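Engineer: whatever this is, show me its structure:
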Amino acid sequence: SRDERGGYCLCECVFACVCSPHQQPASTMAIGKNPQKAKYQKKNNKRKAVDAYAKKEWYDVKAPTYFIDTNPCKTMVNRTAGTKIASEYLKGRVFEVNLADLKKNEEQGFRKIKLRVDEVQGKNCLTNFHGMEFTTDKLRSLVRKWHTLIEASLDVRTTDGYVVRMFCIGQTARRPNQVKKTTYAQSAQIKRIR
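Structural biologist: Presented below is the predicted three-dimensional model:
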């Protein structure tokens, strides 16, 4: 029953909560939370921090002999354990090295050479040429306003059986005593150049 202020009496409310068939009794724990599981997870989180580098081995990367510096860098790999052989993980790795470091010539600093590991002998990774790229700042410096940029690509087979994909980039040049601001090429001319 209500009291004078229009509210319910405290004892009746408790009785209504417990006995009402439409309301479910309040539980002491949230549904889906298992306190035993929470304790187990807390124990698992306290694992020992193992140093990942303790399992690693260092290998020397050997560049081909036509470069001056044939020892450009080192690489690491997990030690051989069970069926996981370290040399198998090293084969096929690609290293990007600056040509200035390989040739000991600072003028070649805008070229990046890619070397791929073909064979592992002891602690040495023997590499072979895999590709060459320009640095992004060099590529940006080649592009000029008011000139036509011409790009082409071609697959070339060398005499010793390798297939090399060549990407060429070029642009139109101003003629001597040219007055016109732009130096554009016609699309037919670009096709002929390609």
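Engineer: tell me how far the spatially most central residue of the chain lies from residue 75.
Structural biologist: What sits nearest the mean C-alpha location of the chain, by CA atoms, centre = their mean, is residue 94, with 12.7 Å. According to CB to CB, to the nearest Å, residue 94 stands 11 Å off from residue 75. C-beta here means a position set from N, CA and C on the backbone, and glycine is covered the same way.
Engineer: check residue 69 too.
Structural biologist: From residue 69 over to residue 75 the distance is 16 Å, taken as CB to CB.
Engineer: the two - which one has more neighbours?
Structural biologist: Neighbour count, other CB atoms under 10 Å: between residue 69 and residue 75, residue 75 has more, with 15 against 12.
Engineer: can I assume that one sits in a helix?
Structural biologist: No. With DSSP: H, G, I helix; E, B strand; the rest coil as the criterion, residue 75 is assigned strand and is not in a helix.
Engineer: contacting residues for it?
Structural biologist: Taking CB atoms under 8 Å, 6 or more residues apart in numbering, we find residue 75 in contact with 58-59, 61, 90, 93, 95, 125.
Engineer: hey, what's it bridged with?
Structural biologist: residue 59 (DSSP bridges).
Engineer: quick one: the helices in this structure?
Structural biologist: Remark: helices assigned in the chain by DSSP state H are 10-19, 35-45, 86-90, 99-103, 136-142, 187-193.
Engineer: can you list the buried residues in the last one?
Structural biologist: By 16 or more other CB atoms under 10 Å, the buried positions in helix 187-193 come out as residue 190.
Engineer: what of the third one?
Structural biologist: Buried positions in helix 86-90, judged by neighbour count with 16+ other CB under 10 Å: 86, 90.
Engineer: with only the CA atoms kept, save it in CSV.
Structural biologist: The C-alpha coordinates for helix 86-90 follow below in CSV (Å, rounded to 0.1, in the frame of the first residue of the first chain):
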residue,chain,number,x,y,z
ALA,A,86,67.9,-21.5,-40.1
SER,A,87,69.3,-21.5,-43.6
GLU,A,88,65.9,-22.3,-45.1
TYR,A,89,64.5,-19.1,-43.5
LEU,A,90,67.5,-17.0,-44.9
